[in-house]
Each structure stands twice: as C-alpha cells, then as structure tokens.
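structure for this input, please:
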Amino acid sequence: QVQLVESGGGLVQPGDSLRLTCLNSGRTVPTSSMAWFRQSPGKAREFVGVSHWRTGVLYYAEISPSVRGRFIISRDGAKNTMYLQMNSLKPEDTAVYYCAVYWRGDYATSSSYSTWGQGTQVTVSS
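Take a look at the predicted model:
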C-alpha cells in the first residue's frame, strides 16, 4: 500500500531556500511517476513538477514554467524518496505542498494522480 509523507516545510524569508521531502513508504520499488503540487488558500491545486523513474535512475523531470529555474526535483530510489529543492523563494510560493503518485492522464492535472500525501506548509514572508 502506497503512503506518502511530506516534510521539510516551514517559514522562510524571500530569497531563502528549502528542500521538501516526500517519502513513499509501503513500497519496495520506486513508483514510476510522482509529482509535486501546491495549493494556496482560495486557489486551485497547482502543478509544480513531475519526476519519471526508469530502471534505477531519475529518467527526467518536468518543471512548471512558473517555477522553472528556481525549483529542482530529484529522486533517491534506494530510499523511495522524492525531493523538491526550492531556491530564491518568493512570497507567492507560499502554499501547502503535496506529493502525489501518478495514475493516468495529463501529468499537470491533479485528477491524474491516485494517491496524495497530507501536505507540508511553506510560508515565505519577511
């Protein structure tokens, strides 16, 4: 049974960095495609990026244009863990960040994912 647990969120100042972690427990092999989404109060859940795992390596990752150049996704297959490195954080990055396991359909659409973590809060404020 897949269970996702996010961690690493917190309160930071603009320009700071944070690394979020998503542990995919309950599996012995890495899930092929997993994504990060975020949601701010009153807004729809927003796609951040997706990682694709093939034969023991992070095959490639796709990052949303809204955070490209600042955010990086990586995977550690041995630990069944996905990371989101967030650099040069801005107040508009404030949101609850979720990781999710891909099911089918458009990678950038939240309904394409079958399993979600509980989320971790990121607040960027001076």
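
strands along this structure, start to end?
Secondary structure of the chain by DSSP state E: the strands cover 3-7, 10-12, 18-25, 33-39, 46-54, 57-63, 71-76, 81-86, 95-102, 113-116, 120-124.

worst mean pLDDT among those?
Confidence, taken as mean pLDDT, is least for strand 57-63 of these (a mean of 84).

now that one: buried residues?
By neighbour count with 16 or more other C-beta atoms under 10 Å, strand 57-63 contains the buried residues 58, 61-63. Where you see a C-beta, it was placed from the backbone N, CA and C, and this is true even at glycine.

ok, now stretch 3-11?
When neighbours are counted by 16+ other C-beta under 10 Å, the buried residues of stretch 3-11 are found to be 4, 6, 8-9.

just how off-centre is that stretch within its chain?
Using C-alpha atoms, centre = their mean, to the nearest Å, we find the averaged C-alpha position of stretch 3-11 to lie 9 Å away from the chain's own average C-alpha position.

ok, stretch 51-63 next?
13 Å.

how about the most centrally placed residue in the chain, nearest residue that isn't a chain neighbour?
Among the residues of the chain, the smallest C-alpha distance to the mean C-alpha position (C-alpha atoms, centre = their mean) belongs to residue 36, namely 2.5 Å. With C-beta to C-beta, 6 or more residues apart in numbering as the criterion, residue 36 has its nearest non-adjacent residue at 4.0 Å, and that residue is residue 48.

neighbours of the one you found, how many?
Residues contacting residue 48 under the criterion other C-beta atoms under 10 Å number 25.

circling back: distance check, the residue nearest to the centre of the chain against residue 55.
Distance check for residue 36 against residue 55: by C-beta to C-beta, to the nearest Å, it reads 22 Å.

repeat for residue 35
With distances taken as C-beta to C-beta, residue 35 is found 20 Å from residue 55.

what about these two, which has more around it?
Taking residue 35 and residue 55 together and counting by other C-beta under 10 Å, residue 35 has the greater number of neighbours (29 against 6).
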